[in-house]
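In: sequence first, then the predicted structure, then my questions.
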Amino acid sequence: MNTSTSAHWRSIAIVGPYQSGKSTLLESLLFVTGAISRKGTVEDGNSVADGTAEARARQMGVEVNAAFAEYQGVQLSFLDCPGSIEFAQETWNALIGVDAALVVCEPEATRALIVAPLLKFLDDWQIPHVLFINKMDRASTPLKEVLAALQSISSRPLALRQFPIGQGDRLSGFIDLVSEQAWQYHPGGPPDPIALPEIYRSDELAARAELLEVLAEFDDHLLEELVEEIEPPEAEIRTDLKRDLEDDLIVPVFCGVALRDFGVRPLLAALLSEVPEAACSARHRGIAAEGPPVAQVLKTFYSPQSGKLSLVRIWRGVLADGAQINGARLAGLYRLCGQQQTALAAAGPGEIVALGRLEGIKTGDTLALGSQETPLASCAPLTPVFALAIAPEKRADEVKFSAAVAKLLEEDPSLSWQQNSGTREVVLWGQGEIHLQVALGRLRRKYNLPMQSHPPQVPYRETIRRAWSSHGRYKHQTGGHGQFGDVYLDIRPLARGEGFQFAETIVGGVVPRQYVPGVETGVREALERGPLGYPVVDVAVTLTNGSYHTVDSSEQAFKQAARIAMHEGLARCEPVLLEPIVELDVSVPVEFTARALRLLSGKRGQILHYQGDGERREWDCVNAFLPLAQMNEFAIELRSLSLGVGCFAWRPAHLQEVPEKLAERLLART
Ligand SMILES: Nc1nc2c(ncn2[C@@H]2O[C@H](COP(=O)(O)OP(=O)(O)OP(=O)(O)O)[C@@H](O)[C@H]2O)c(=O)[nH]1
């Protein structure tokens, strides 16, 4: 293998909505290229992409899978990415390291919107992409309508490359709109050339004219030819197609049936001839052609055979096993194809390989050999929106818990965890219930750490509505010298968010100075658990009076007296329950705005305002307050009402009184 030239490498991420057929398409691509001799299926759990137990159990992609094929002298790296929005971080991280994305979608106009977040990401990062409309054997909507729906969410013009012959279960072939050659699908082999059926002639001409018009937008010479009704040479069209994809100006569209390998060969041919070469992609990312090796980590994972592996895209130079990179020594360099690892001595620009045991290196990091390299842009971790309280099933496992969770988080940057001091729970945060259940499954399988989980407790607080002057006296006689403390405390509510204030207005030394800290400690301790059972906030306490005993008084005795005064006083101050409120920025397509607003209101949310999303046409951004207790359900229901594309960012806002009836119900449960 020649590792010094990038001309023979193409790396392609296979992305698209949940269950659109990405893994099936990968299987077909590997079969057609001869990388595998027998096709597996997702249902049987034996496809290349069904590597992990979690993916097999759920029959869905839950992480990026790398595969490799060599075809017509070109080495192809494929990254099959999960489609579920809950695993979007995996997909985003992988996308920044490829030459192009192959977006697989279904032939349904009503579901085109699901592709919108993906297309936005590709546009934002200027990643060239090709669309493959899969499952054409099930298409019931005319292709024209599907294309119109997809065009409405793509900022780049779509360039249809094939016109299907037949529809749905009558699909029999396609017409290549560049060569105008018609092909008949041939189950189990390449398509056969056929004469262009006359009944398709006018549709074909119209579709071809549209393709040429799209290309002419970026080529004045072609435009002149079209105006003068000169038939452009095929070579000119092909040159335009290659250049326009390289420059991310157009989105070529192919269609087929991945399950039956229909349309996969012409797609492959276009990938080979039109996807930018590795050096071209590096140039677009601003990486100079000359210089020491540079690579970027697209994914981190732990494998039973090799320990920590970092899947990297090599942008420049050659990496050799054993080399020093970012202060760590490369211990193993592998090409991946599903679960198969092939050890290599070195790998060159354009390749996607796994590097062994790069301690201290994380996903997104830039690896540079030699001089200081400016870090390449990487994806920020997604805001976690769903939480579960977790604990090892067996107490004895608590020791290995932290190390295992640290590895889990290294593998998946969209997870995070926190020890909630108020509720004493360990809370795992992620992108949704399936995401967290997959993470827990991984803890069980990889680290032999069975976990239990449940919805986290809400860190309620309490406060008081009215002031009270309270008296506490602690007097204790135990044989020798006794304990005596006596205090008068004014307890009053503070405005929300003001926390706690302590003051004293003692005159005449009725409580000696050295005992005042004891009083404050007693007050603070009493506030840790108020009459309703939760920490008390937004309270001011003033020590106004008291008395002492020259022998029996101590700081400890005054602390006890303060606790007594607080416990008795707080109960008379009309304690009320407070709940944490978060502020949300919800993004939804305009057709779902009304339902999102209703969902927020139905969950006790308070809508602050909403307006058009500055970044996306036909999307709204709703700003609202929502009780934290409702956030898990909100995350699930928002997705389900918006074809999975509605999303939100959030931040803690403030505490707010729980409505009386609800508070009664909550308190009755505790
Ligand atoms: N009829 C038909 N079914 C297909 C085709 N391609 C895939 N499927 C089926 O669609 C389902 C989903 O296919 P997958 O390949 O797992 O889809 P995926 O996009 O990889 O799924 P995720 O990674 O979970 O998003 C499976 O039942 C496939 O058999 C196709 O061309 N035609």
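Out: Everything's here; your move.

In: what's the neighbour count on the closest residue to the ligand within the stretch 551-670 of the chain?
Out: Nearest residue of the stretch 551-670 of the chain to the ligand, counting by CB to the nearest ligand atom: residue 644, 10.9 Å away. Every C-beta, even on glycine, is put in place using the N, C-alpha and C of the backbone. Residue 644 has 20 neighbours, counted by other CB atoms under 10 Å.

In: swap in residue 480?
Out: 6.

In: before we move on, what about residue 89?
Out: Neighbour count for residue 89, taken as other CB under 10 Å: 22.

In: and the residue of the stretch 551-670 of the chain closest to the ligand, its phi and psi?
Out: Dihedral pair for residue 644: phi 80, psi 0, per degrees, to the nearest 10.

In: quick check: it touching residue 114?
Out: Yes: counting by CB atoms under 8 Å, residue 644 does reach residue 114; the two are 6.1 Å apart.

In: what's the closest non-adjacent residue to the residue of the stretch 551-670 of the chain closest to the ligand?
Out: residue 85 (5.1 Å; CB to CB, 6 or more residues apart in numbering).

In: the one you found and residue 26, how far apart?
Out: Going from residue 85 to residue 26 by CB to CB, to the nearest Å gives 20 Å.

In: who has more neighbours, the two?
Out: residue 26 (28 against 22).

In: name whatever forms a beta bridge with the nearest residue to that one once chain neighbours are set aside.
Out: The shortest distance from residue 26 to any non-neighbouring residue, by CB to CB, 6+ apart, is to residue 80 (4.6 Å). Taking DSSP bridges as the rule, residue 80 bridges to residue 14, residue 65.

In: wait, what's in contact with residue 80?
Out: 14, 22-23, 26, 48-49, 61, 64-67 (CB atoms under 8 Å, 6 or more residues apart in numbering).

In: where's the dip in pLDDT among these?
Out: Taken together, the contacts of residue 80 show their lowest pLDDT at residue 49, with 75.

In: surely it meets residue 59?
Out: No: when contacts are counted by CB under 8 Å, residue 49 is not listed as touching residue 59 (11.1 Å).

In: in the protein, which ranges drop under the pLDDT threshold?
Out: Residue ranges of the chain with pLDDT under 70: 1-7, 51, 370-372.

In: phi, psi for the residue nearest the centre of it please.
Out: Nearest to the mean C-alpha position of the chain, by CA atoms, centre = their mean, lies residue 89 at 3.4 Å. Reported as degrees, to the nearest 10, the phi and psi values for residue 89 are phi -60, psi -40.

In: could I get the contacting residues of it?
Out: Applying CB under 8 Å, 6+ apart, the residues near residue 89 are 379, 381-382, 412-414, 431.

In: could you dump these to a markdown table with neighbour count?
Out: Shown next, in a markdown table, are the contacts of residue 89 (neighbours: other CB atoms under 10 Å):
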| residue | neighbour count |
| --- | --- |
| 379 | 20 |
| 381 | 17 |
| 382 | 18 |
| 412 | 26 |
| 413 | 21 |
| 414 | 23 |
| 431 | 24 |
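
In: which parts of the chain sit against the ligand?
Out: 16, 18-24, 42-43, 60-61, 82-84, 134-135, 137-138, 257-259 (CB under 6 Å from any ligand atom).

In: whichever of those residues end up buried, select them in ChimeraX.
Out: ChimeraX command restricting these to the buried ones, with burial defined by 16 or more other CB atoms under 10 Å:
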select :16,19,20,21,22,23,24,42,60,61,82,83,84,134,135,137,257,258,259
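
In: what separates the lengthiest strand in the chain from the chain centre, distance-wise?
Out: In the chain, with assignment by DSSP state E, the single longest strand is strand 575-589. Its chain's C-alpha centre and that of strand 575-589 lie 21 Å apart, by CA atoms, centre = their mean, to the nearest Å.

In: which parts of the next helix-or-strand element following it are buried?
Out: Sequence order places helix 593-602 as the next helix or strand after strand 575-589, per DSSP states H and E. In terms of neighbour count (16+ other CB under 10 Å), helix 593-602 has its buried residues at 593, 596-597, 599-600.

In: likewise for stretch 330-348?
Out: In terms of neighbour count (16+ other CB under 10 Å), stretch 330-348 has its buried residues at 330, 332-338, 341, 344, 346-348.

In: and residue 288, its phi and psi?
Out: Dihedral angles (degrees, to the nearest 10) for residue 288: phi -60, psi 150.

In: for residue 328, see how far away the spatially closest residue to it that is not a sequence neighbour is.
Out: Distances taken as CB to CB, 6+ apart place residue 316 nearest to residue 288, at 7.7 Å, with adjacent residues excluded. Distance, residue 316 to residue 328, using CB to CB: 19 Å.

In: which one's more surrounded, these two?
Out: Between residue 316 and residue 328, residue 316 has the larger neighbour count (other CB under 10 Å), namely 23 against 17.

In: so what's the more buried one up against?
Out: Residue 316 touches 282, 287-289, 291-294, 349, counting by CB under 8 Å, 6+ apart.

In: pull out the buried members of these.
Out: 282, 287, 293-294, 349.

In: which other helices and strands contact the host helix or strand of residue 632?
Out: Element membership of residue 632 [criterion: DSSP H and E] is helix 631-641. Here helix 631-641 touches strand 386-392, strand 575-589, helix 593-602, strand 647-657, going by 3 or more CB pairs under 8 Å, 6 or more residues apart in numbering; DSSP states H and E.

In: tabulate the ones you listed (JSON lines), appending distance to residue 324.
Out: Converted to JSON lines, those look like this (distance: least, CB to CB, whole Å):
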{"stretch": "strand 386-392", "distance to residue 324": "38"}
{"stretch": "strand 575-589", "distance to residue 324": "44"}
{"stretch": "helix 593-602", "distance to residue 324": "52"}
{"stretch": "strand 647-657", "distance to residue 324": "40"}
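
In: most tightly surrounded among those?
Out: Looking across the helices and strands packed on helix 631-641 with neighbours counted as mean count of other CB atoms under 10 Å, the highest average goes to strand 575-589: a mean of 21.

In: hey, what's the angle from it to strand 647-657? Just curious.
Out: Counting by axes from the mean of the first three to the mean of the last three CA atoms, to 10 degrees, strand 575-589 lies at 160 degrees to strand 647-657.

In: who does strand 575-589 pair up with?
Out: As assigned by DSSP bridges, strand 575-589 forms pairs with strand 461-464 (antiparallel), strand 619-627 (antiparallel), strand 647-657 (antiparallel).

In: list of residues touching the first one?
Out: What it means is strand 461-464. Applying CB under 8 Å, 6+ apart, the external contacts of strand 461-464 come out as 422, 491-493, 496, 530-539, 570, 573-580, 655.

In: how about residue 431, nearest residue that isn't a chain neighbour?
Out: residue 86 (4.3 Å).

In: distance of the one you found from residue 636?
Out: Counting by CB to CB, the gap from residue 86 to residue 636 is 10 Å.

In: now do the shared contacts for the two.
Out: Common neighbours of residue 86 and residue 636, using CB under 8 Å, 6+ apart, are residue 432.

In: the more surrounded of the two?
Out: Neighbours per residue (other CB under 10 Å) separate residue 86 from residue 636, with residue 86 holding more: 27 against 14.

In: how about that one, secondary structure?
Out: helix (DSSP: H, G, I helix; E, B strand; the rest coil).

In: can you pull the contacts of it?
Out: Residue 86 is in contact with 430-432, 434-435, counting by CB under 8 Å, 6+ apart.

In: chain center to stretch 143-150, what's the gap?
Out: Using CA atoms, centre = their mean, the offset of stretch 143-150 from its chain centre is 28 Å.
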